[in-house]
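S.K.: Take a look and give me a structure for this.
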Amino acid sequence: MAQQIVLPKLGLTMQEGVIGEWVAESGQRIGLGDVLLRLETDKVDVDVEAEAEGILATTAQAGDVLPVGAVIGWLLGDGETAPGVDAAVVTADEAAAADGATAAVETEVPTLGSDSRIKSSPNARRVAAMSHIDLARVRGSGPGGRIVSEDVEEFLAAVPVHEKVATPEAAQAQKAVGADRAAGQFVGPVLRRRAAELGVDLGELVGSGVGGRITKGDIETAAGRSVSVPVGAQSAEADAPARTTGPKPGDIIPLKGMRGAIARNMLDSLHSMAQLTHGYEADVTALVQIRAELGAESARSGSKPPSLNAFVVKAAALALRKHPLLNAGIADDEVTLFEAIDIGVAVSVEGGLVVPVVRGADSLSIGAIGARTTELATAARTGRLGSSDMEGATFSVSTLGAYGVDFFTPVINPGNVAILGVGRVKDGFRWEGHTPVKTQVMTLSLTFDHRAVDGAPAAEYLRTVSEILARPLSLLAD
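M.R.: Just a heads-up that it's a prediction; the model follows:
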């Protein structure tokens with residue numbers, strides 16, 4: 001029985017997704033768990049796997065922007081045809097033959113045609129259009145004679161040079177096809193456009209994704225540019241992050257994808273909550289000194305000391321044990337105090353912001369928190385975060401100290417009642433009798449939902465965080 005393939009909902013705030021590329025071709029026999037397509041969401045790019053077996057028939061094309069729940073394809077039984085899909089009825093024998101078939105190439109130039117009913121896959125139609133190739137000239141090797149992208153690639157490789165259309169678009173498409181063939185895979189149009197923008201030759205890349213597939217991170221790494229700054233992994237004394245190529249005057253940036261999700265979530269947050277921000281100056285003199293000693297020891301052992309942010313995440317989590325009202329959410333006119341303490345750590349990525357979650361942060365060691373935040377930040381930079389990595393935060397920490405910021409007003413993530421902002425470490429002083437003593441201080445900015453938390457409990461939470469940070473040895477021993 002034919003089964004629908006729908007655009008999955010990968011997160012509570014997800015409303016739409018972009019089909020980056022179909023990994024499987026129409027007419028291909030699919031097994032349970034096989035990767036069907038690469039889906040681009042407002043937060044992450046993920047591989048969508050088959051939840052059933054059958055023969056694939058696609059109804060959406062790479063590059064399509066579709067709402068959650070939209071039908072994007074079908075998994076068919078032998079002899080079935082997908083509703084509304086112009087595809088040949090596929091038998092088991094034909095599918096097996098197609099899987100092992102060698103693509104046939106049309107080297108002669110037949111009469112040109114423009115029959116819009118030619119059976120072809122979305123990838124094949126796209127490659128043909130980019131290369132100005134009439135599909136009527138291409139012999140299909142797929143089930144029922146269906147043209148697949150490999151057929152178009154073989155045609156491009158075999159057609160005489162003087163017959164290729166000499167346009168910049170065609171030249172670029174033919175170069176991209178050659179790169180895909182050299183890499184042993186077909187790279188989707190979104191990644192191909194990104195490679196073209198950065199001047200990266202796809203044929204020279206070795207993919208780090210599933211099955212060796214090329215990812216956006218591979219392309220941007222090859223381009224030699226800093227993709228993003230892992231805010232959650234920055235220490236306050238770190239050098240300011242390198243500048244990246246950004247928007248230019250005259251650009252129009254659509255509020256779609258990640259940017260659109262951020263716009264919706266932040267506007268909803270501010271409209272639906274009574275947000276107020278407290279500022280608090282924490283003395284971190286002892287913490288800076290301890291971390292310097294850890295840095296010296298790590299240099300001798302060849303390891304890396306935990307960042308200041310790891311200490312802050314740990315302190316924030318421990319303080320939530322004493323102040324559970326800050327570790328809560330509001331729904332249906334009720335404040336629910338969460339049992340788990342799962343800290344979302346804001347990470348800046350190209351084009352926006354993601355907030356992966358360090359689960360059970362109050363029970364983790366400083367070293368484990370540092371390793372986890374680094375792992376999540378790296379995954380965010382390279383586009384390998386899964387939706388499960390970013391769901392379920394009960395409280396969040398956002399760090400802007402590396403940018404030289406002291407106080408700011410972070411916006412609460414929907415579903416929480418508070419977020420802690422972390423500023424830079426700077427020189428301060430305190431009085432010992434009549435003598436000023438130099439200190440190191442850090443400004444903490446706590447935004448809270450006044451519907452759930454009053455000003456005094458919020459201030460008490462900040463005091464507790466500050467007291468914990470003032471005793472860094474206790475954090476290391478915990």
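
S.K.: how many neighbours does the residue nearest to residue 404 when sequence neighbours are not counted have?
M.R.: By the measure of CB to CB, 6 or more residues apart in numbering, the closest residue to residue 404 outside its immediate chain neighbours is residue 424, 5.8 Å from it. C-beta: built from backbone N, CA, C; applies to glycine. The criterion is other CB atoms under 10 Å. On that basis, residue 424 has 21 neighbouring residues.

S.K.: Residue 325 too?
M.R.: Burial of residue 325 is recorded as 18 neighbouring residues (other CB under 10 Å).

S.K.: Setting aside sequence neighbours, what's the nearest residue to it?
M.R.: Nearest non-adjacent residue to residue 325, counting by CB to CB, 6+ apart: residue 453, 5.2 Å away.

S.K.: Quick one: residues contacting that neighbour.
M.R.: The neighbourhood of residue 453, defined by CB atoms under 8 Å, 6 or more residues apart in numbering, consists of 325, 326, 417, 418.

S.K.: repeat for residue 343
M.R.: Contacts of residue 343 were listed using CB under 8 Å, 6+ apart, and they are 313, 316, 317, 357, 358, 361, 393, 394, 395, 396, 397.

S.K.: list the helices and strands the one helix or strand the residue nearest to residue 404 maps to packs on?
M.R.: Taking DSSP states H and E as the criterion, the element that holds residue 424 is strand 418-432. Under the contact criterion of 3 or more CB pairs under 8 Å, 6 or more residues apart in numbering; DSSP states H and E, strand 418-432 touches strand 275-283, helix 308-322, strand 395-399, strand 435-449, helix 455-469.

S.K.: Parallel or antiparallel, which strands does that strand pair with?
M.R.: For strand 418-432, the paired strands and their directions (DSSP bridges) read strand 395-399 (parallel), strand 435-449 (antiparallel).

S.K.: Run through the helices of the stretch 151-300 of the chain in chain order.
M.R.: Taking DSSP state H, counting those that start in this stretch to define them, one finds helices in the stretch 151-300 of the chain at 168-183, 189-198, 216-222, 257-272, 285-301.

S.K.: Show me the beta-bridge partners of residue 35.
M.R.: The residues listed as beta-bridge partners of residue 35 by DSSP bridges are residue 49.

S.K.: Number of residues surrounding it?
M.R.: Taking other CB under 10 Å as the criterion, the count of residues near residue 35 is 18.

S.K.: In the stretch 251-400 of the chain, where is pLDDT below threshold?
M.R.: Judged by pLDDT under 70, the stretch 251-400 of the chain has no weakly predicted residues.

S.K.: Surely residue 421 is in contact with residue 445?
M.R.: Yes. With contact defined as CB atoms under 8 Å, residue 421 counts as touching residue 445 (3.4 Å).

S.K.: Determine the residues that are contacts of both of the two.
M.R.: Common neighbours of residue 421 and residue 445 (criterion: CB under 8 Å, 6+ apart): 277, 407, 408, 409, 410.

S.K.: so the second one makes contact with residue 278?
M.R.: Think residue 407. No. Assessed by CB under 8 Å, residue 407 is found out of contact with residue 278, at 10.1 Å.

S.K.: between the two, what contacts are shared?
M.R.: Taking CB under 8 Å, 6+ apart as the contact criterion, the residues that touch both residue 407 and residue 278 are residue 445.
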